[in-house]
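Asker: Structure of the sequence below:
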Amino acid sequence: MKINFDRYVEITLKDIEINREVISRSSINILIKAINKINIFLDHSKVDLLFDKDWLSENKLFNSAEFFILKSNQKKLMSKESQPAESIDYNIPEIRDFFAFFPSCEASIVDVKATELRILHNVATMSASERIEKMRAILKNTKKMAMADKITKEMADKIGTILTELCFISRLEMFTYIENLRKNEKINIDTETEASNPSGLINMKTISYDIIHVIVKILGKEREEHDIFDFNIHFSDKSLIAHSNRVFLNFVDFLYYYNNEFNNKALSARVRIEFQDKFLHYYKKIFEKFSPKRANITSIQEATKMGLRALSFEEICDYGRSAFWHDLAKLYNVDYLAPEGSEQQELAKRHVFNGYYLSRYTGKPTLNAIMILGLHHEYYGHGYGVFSKMYAKKKSMDPNFDIPYIMTYDSKDMEQLSSVAFFPAKILEIIDVYDVLLFPSKGIDRKPMTPNEAISYMRDIMIEETLKLDPIIFNFFVSFLKNVKGGSPDLVEI
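Answerer: Prediction:
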């Protein structure tokens, strides 16, 4: 086959080595002109062979070979991810505008900042159609990872990179969407055509959902080490990007733990045994606040609609997506623990409502996802969110209005105000609070807590002093930290 070398550009073996991950993820095949003038195409999935000494010793025709890629792929490698951070021009409108709009997304740790700037530069300078193609390539490679038996360190690194890319891409698309609204440009969110949807928002979100779905599946696999993600660069900063990555990971891990405990009968048996002595008085207190007539309950079945149950895999995926995007509309660094009426708390309230309303009109999320976004700071009536707003309106119209349940697994119950809380949203509250106690946002005047200090604060201040967090889920979370995350045995439950 005759090859038109005018369509190709030569690259060095060093360039290939630096960009191995990009080549694999972007499906960039390598054209090799061997020493005997034979032209060979090397599939992107086999690029690691070029650095395998044993393989090279058996294939000597690759010694002193020349390497080429399509010119259309050169920009991806040479102008973006392959460059060191200091050589990339970050003073471009796309990046300036992004951090002006999302200051909470800028990392503090030098190495993290350099890595994330490369990723942002890469996706911010792409067109909408290029981003969609990139997302499709990510999905393809994520599906390949899902075929592995266990999560390796290399897979953990790739998952961290993918989550960070999705964090940036989803916010770039939201920024474009809002800018179009400001310019009064009508966007038809019911179709997927480029003409009616210039930002590619629906396509992006659909592919993003699929990517998260596959990652959730991967996270259910065995890991080479339990802390394989703990020292990953994409989970280590105080920025909103790292926070979103950590919350998603811990949330999905917790849901798998919850299911395993439930299916082993340990969870339901434990709740039944402990409910009267350990938890009943908390739920009486909640009913006294919202439905005094029901404060004489005696069992978990009376507090939770249909009782406790296991989750389906589709529910775990759906809830996991919401956890990943729970702070999509958070623009500024916010202290969730700021006092009532403070400017910080007003900012915190705003991101909940913005996320809730934006999720309804950008893409086609499920009701579960919408409700989790709107409820993850409710704190049993001591916080803020769509439940508090709907409940106050209903109560003003009907002072005798009664809520039959405290907890539900059905998001429709939240729309109908037949439950005080939505189960996955109460889990997200706990995991979200725990993370911000360990990693306070940049600029927040509060020292990071240790895991023991964070758990003590949550128990003493957010349950005993003021009942904000769910006590049963809290105890399961403490068990999860001990049994799954390698937490200290000194962590104290209720």
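
Asker: From here on, just use CA atoms for contacts and neighbour counts.
Answerer: Fine.

Asker: For the host helix or strand of residue 68, give me every contacting residue.
Answerer: Element membership of residue 68 [criterion: DSSP states H and E] is strand 66-70. Outside strand 66-70, the residues that touch it by Cα atoms under 8 Å, 6 or more residues apart in numbering are 7-13, 28-34.

Asker: need the contact list for residue 371.
Answerer: Contacts of residue 371 by Cα under 8 Å, 6+ apart are 356, 411, 414, 422, 425.

Asker: can you map out the strands along the stretch 51-200 of the chain?
Answerer: Using DSSP state E, counting those that start in this stretch, the strands of the stretch 51-200 of the chain run over 66-70, 150-151.

Asker: Comparing the ones you listed by mean pLDDT, which bottoms out?
Answerer: Mean pLDDT is lowest for strand 66-70 among the strands of the stretch 51-200 of the chain, at a mean of 87.

Asker: Adjacent strands (with direction) for it?
Answerer: Using DSSP bridges, the strands paired with strand 66-70 are strand 8-11 (antiparallel), strand 30-33 (antiparallel).

Asker: Mind putting these into TSV with mean pLDDT?
Answerer: What follows is the strands paired with strand 66-70, written out as TSV (pLDDT from 0 to 100):
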stretch	mean pLDDT
strand 8-11	86
strand 30-33	88
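
Asker: Now distance to residue 175 and mean neighbour count too, for these, in CSV please.
Answerer: Converted to CSV, these look like this (distance: least, Cα to Cα, whole Å; neighbours: other Cα atoms under 10 Å):
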stretch, distance to residue 175, mean neighbour count
strand 8-11, 35, 16
strand 30-33, 36, 20
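
Asker: mind giving me CSV with the ones you listed and columns for distance to residue 270?
Answerer: Output for the strands paired with strand 66-70, formatted as CSV (distance: least, Cα to Cα, whole Å):
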stretch, distance to residue 270
strand 8-11, 62
strand 30-33, 58
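
Asker: Relative to residue 404, which of these is closest?
Answerer: strand 30-33 (63.6 Å; Cα to Cα).

Asker: How far off centre is the closest one?
Answerer: Centre-to-centre, strand 30-33 and its host chain are 38 Å apart (Cα atoms, centre = their mean, to the nearest Å).

Asker: moving C-terminal of that strand, what's the next helix or strand?
Answerer: Downstream of strand 30-33, the first helix or strand assigned by DSSP H and E is strand 39-42.

Asker: Paired strands for that following strand, with orientation please.
Answerer: When sheet partners are counted by DSSP bridges, strand 39-42 sits next to strand 30-33 (antiparallel).

Asker: Touching the strand it pairs with from outside, list them.
Answerer: 39, 40, 41, 42, 43, 44, 47, 65, 66, 67, 68, 69.

Asker: What is the most widely separated pair among the residues you listed?
Answerer: Most distant of those, by Cα to Cα, are 44 and 65, 17.0 Å apart.

Asker: Once you drop chain neighbours, what's closest to residue 26?
Answerer: Nearest non-adjacent residue to residue 26, counting by Cα to Cα, 6 or more residues apart in numbering: residue 137, 5.7 Å away.

Asker: Check the burial of that neighbour by counting its neighbours.
Answerer: Number of residues near residue 137 (other Cα atoms under 10 Å) recorded here: 16.

Asker: How about the contacts made by the residue nearest to residue 20 when sequence neighbours are not counted?
Answerer: Counting by Cα to Cα, 6+ apart, residue 20 lies nearest to residue 47, which is 7.0 Å off, once chain neighbours are set aside. Contacts for residue 47 (Cα under 8 Å, 6+ apart) come out as 20, 23, 24, 30.

Asker: Mark which of these are part of helices, please.
Answerer: Judged by DSSP state H, helices contain the following of these: 20, 23, 24.

Asker: I figured residue 320 hits residue 250, correct?
Answerer: No. Between residue 320 and residue 250 there is no contact under Cα atoms under 8 Å: 9.8 Å.

Asker: more crowded one of these two?
Answerer: Looking at residue 320 and residue 250 with other Cα under 10 Å, you find the greater number of neighbours at residue 320, namely 28 against 21.

Asker: and the residue nearest to that one when sequence neighbours are not counted, how many neighbours?
Answerer: Excluding its sequence neighbours, the residue lying closest to residue 320 (Cα to Cα, 6+ apart) is residue 252, at 5.9 Å. Neighbour count of residue 252, defined by other Cα under 10 Å: 23.

Asker: can you check residue 245 too?
Answerer: 25.

Asker: how close does it get to residue 90?
Answerer: Separation of residue 245 from residue 90 (Cα to Cα, to the nearest Å): 24 Å.
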